[in-house]
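> My questions concern the predicted model and sequence given below.
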Amino acid sequence: MKYSWIAVAVFALALASTGLVSAQDPGTVDTEAGKGDPTEKEWLEQQKQAPDETTEEAWLEEQGGKIDTEVELRPGTEGAAAQPYKPYEPPKVKKKAVRDRDPDEDIIPLKFHFHGYYRTRYNWVGNVPTPKGSDPNVSNQQFPTKNASYGYMRLRLDPEVTYGPNPDLPIARLRFTIDGLDNVVWGDNARVFSVPLFAVDQSKTDINGFDLTESLKLERAWIEFLVPIGQVRVGRMESQWGVGLLTHAGNGLAEWGDFFRGETFDRILFATRPITIARAISKGDSRQTPLIYAFVYDRLTQDPVIDSTIGAPPDATGALNQANFKPFYTVFPERSVFPNAYLTNLDRRVSEIVNVLAWFDEDYGRRESDELFVGAYVVYRWQRSTESRITIPDVSWRLKHSLKKKRNLAITTEGEFYAILGHSGALALTENPAYGTNTPCPRSPAGPCNRGEARIYNVLARIGLMDEGNWSTQLEGGYASGDYNITSGALPPNELEPGPDCVANGTCKPTLTTRGFNENVKVGLLMFQVAQKAVTFQALNPFNAVELGATGSVWNAKYFMPSFRFTIVPGLEVHTQLLVAWAAELDPWIYGNKVTSCGFKSECFYGWEADLALRARIGANDIVWIDLETGMMQPYRAFTDVGNPAEGTFGGGLSSDWLWTVQIRAAMVF
């Protein structure tokens, strides 16, 4: 209260000032009994029957032919300072601004843009692997096979609202991503038993066998706006870097197959061009320069019910039947309903910061389509509850360079490399006592814990030659590091991690050394999307460790894939590719053999695959897409060798029959 008298004095002075201003305002003098100046709306109505200009003479006639220059006080303002009464002036409404101006003048430049696509695909797939033991006529060590035919669809809408004259770089932008019938399979698939002949209810079962709770879903929403030194983005948004090896937004239509999901983060992003800012300050030159820096903070989603930090013992059968790949609970903990209580659980959240430095030169080269991009994307991810600390350095490049003497010919190359390094209590891969009791790190008192290490390396590179609009050829190669002991001793006959991963006292650290490419990096139609996914799922699903296996893209492999495209006529192309691949390492629990370093050994050969596609684009701006895709794959020993139960090797067993597929996709892109 010491200085409250200052606030009282200021408030009183403000009231007094308001009274003086009112006394001085000639517009408050009544022109008619009980009325002040007409409002803008009233004045506009008057102008509809009045001449365009109100002259002083006309106004004098209305006032009785004289101008009163005597001092007049407002009623109720006796004692206030008298002010001379001023002649009438029409209300300060600019007639041109109301009557003659362009309707678009002074209107906020908001624009609405609407993009998206609808796609639907029908697949026929031959000799699809089904669960071991599901066919009594086939050995339990072999995958029975069946043919499959199914269709699915997706409607994606990408509306945006922009503010500013430049739609490519607006002052502000609001963006959405909305998915409808998201990869929902054709027909009624929600029932376990046969569908009634006259079924009428619609099902919303997706390609992975899950029933969607809603047919239309808002996937993303975020804003972007310019600031004096760059751009800011805030909200739930897509994440894409390089070719998408680490993080892929899943936007648009894939060349082979379809994107089923995309990376989405709750994100705050600031991006700027440091050289542009420095030159603008020092020289007043604000021309755009290629160097870009961005700082990103992400909040990753978490399991809404299960908290992996709450300890619970495995079941009585021990680690073999319930290895601690995921928490095993007899009672599931729930979020507290106490106001704001669950918002205090900061240690359960997964956060990351990303620093990006890139050189993106769109003016590079001789042709407008030439470009040069090279950059680094460094992620630091952490979670307190699992004592997780992960660092992911990622470098990416992209180049299109037109040849000097043959301007239609261009050399292209792109690629990406990343490493996942660090440790995590979420990688508690084993219950083996040699790794210590099931206790998160750090523990008190000091002792062994179930923290796992990560050491993963993945790379993809492409190089090609193209005659733009006519043909192109490309060689792609990639490597995803393997792990011959993926469960780190939890499952027989795997031993404890050897070598440098063992601490001085002989206790070893479980180490994960394999993780696949992002599932949106499509390599072939069958080898990784069908065969390998089935083999790893069969081995790891009983132990709740499917996340450690293949996702449908390259996993534990090295491969080469030459491809060729040819334009038959404008709007009609033929695409073909040949894929050969070997495993990086063989884990006997997944495959039929154990090999610690595969090279190009015959027992590590996955097989080969050939794909052919005919692609048509119809209408203005290629609004309609029709794609006919076919493929065939011959599995080899890495898939087909059968493990020996006597030795505890249960992997492998894929049929040596050809896998084949015919697929057709129709889409409208707008």
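Nice, thanks for sending it over. Numbering: from 1, shown residues only.

> can we go C-alpha only for contacts and neighbour counts from here?
Will do.

> Leaving out the residues flanking it, which one is nearest to Thr412?
Distances taken as Cα to Cα, 6 or more residues apart in numbering put Lys400 closest to Thr412, at 4.5 Å, once the chain neighbours are dropped.

> for the one helix or strand Trp359 maps to, packing partners?
Element membership for Trp359, per DSSP states H and E: strand 350-361. In terms of contacts (3 or more Cα pairs under 8 Å, 6 or more residues apart in numbering; DSSP states H and E), strand 350-361 is packed against strand 291-300, strand 371-383.

> Quick one: mean pLDDT for it?
Average pLDDT, strand 350-361: 96.

> again, but for stretch 452-467
94.

> Pull out the CA atoms of it and give them to me as PDB.
What follows is stretch 452-467, C-alpha atoms only, in PDB (Å, rounded to 0.1, in the frame of the first residue of the first chain):
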ATOM      1  CA  GLY A 452      20.100 -50.800 -22.600                       C
ATOM      2  CA  GLU A 453      22.500 -49.200 -25.000                       C
ATOM      3  CA  ALA A 454      21.900 -48.100 -28.600                       C
ATOM      4  CA  ARG A 455      24.300 -48.200 -31.500                       C
ATOM      5  CA  ILE A 456      22.600 -48.100 -34.800                       C
ATOM      6  CA  TYR A 457      23.700 -46.900 -38.300                       C
ATOM      7  CA  ASN A 458      21.600 -46.500 -41.400                       C
ATOM      8  CA  VAL A 459      22.400 -45.100 -44.800                       C
ATOM      9  CA  LEU A 460      20.700 -44.700 -48.200                       C
ATOM     10  CA  ALA A 461      22.200 -43.200 -51.400                       C
ATOM     11  CA  ARG A 462      20.900 -42.700 -54.900                       C
ATOM     12  CA  ILE A 463      22.700 -41.600 -58.100                       C
ATOM     13  CA  GLY A 464      21.100 -41.200 -61.500                       C
ATOM     14  CA  LEU A 465      21.000 -39.800 -65.000                       C
ATOM     15  CA  MET A 466      17.900 -38.300 -66.600                       C
ATOM     16  CA  ASP A 467      16.600 -36.700 -69.800                       C
END
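
> in that stretch, what counts as buried?
Buried residues in stretch 452-467, defined by neighbour count with 16 or more other Cα atoms under 10 Å: 452-467.

> Just the endpoints, please. Distance across stretch 239-249?
End-to-end span of stretch 239-249 (Cα to Cα, to the nearest Å): 5 Å.

> nope, stretch 251-271 is what I was after
End-to-end distance for stretch 251-271, by Cα to Cα: 21 Å.

> List the buried residues for that stretch?
Buried residues in stretch 251-271 (16+ other Cα under 10 Å): 251, 256-260, 262-271.

> contacting residues around it?
Residues outside stretch 251-271 that contact it (Cα atoms under 8 Å, 6 or more residues apart in numbering): 117, 183, 220, 230-240, 247-250, 292-301, 520, 522-525, 629.

> From the residues you listed, keep the buried residues only.
In the contacts of stretch 251-271, the ones that pass as buried (16+ other Cα under 10 Å) are 117, 183, 220, 230-240, 247-250, 292-299, 520, 522-525, 629.

> Fine by me, thanks again.
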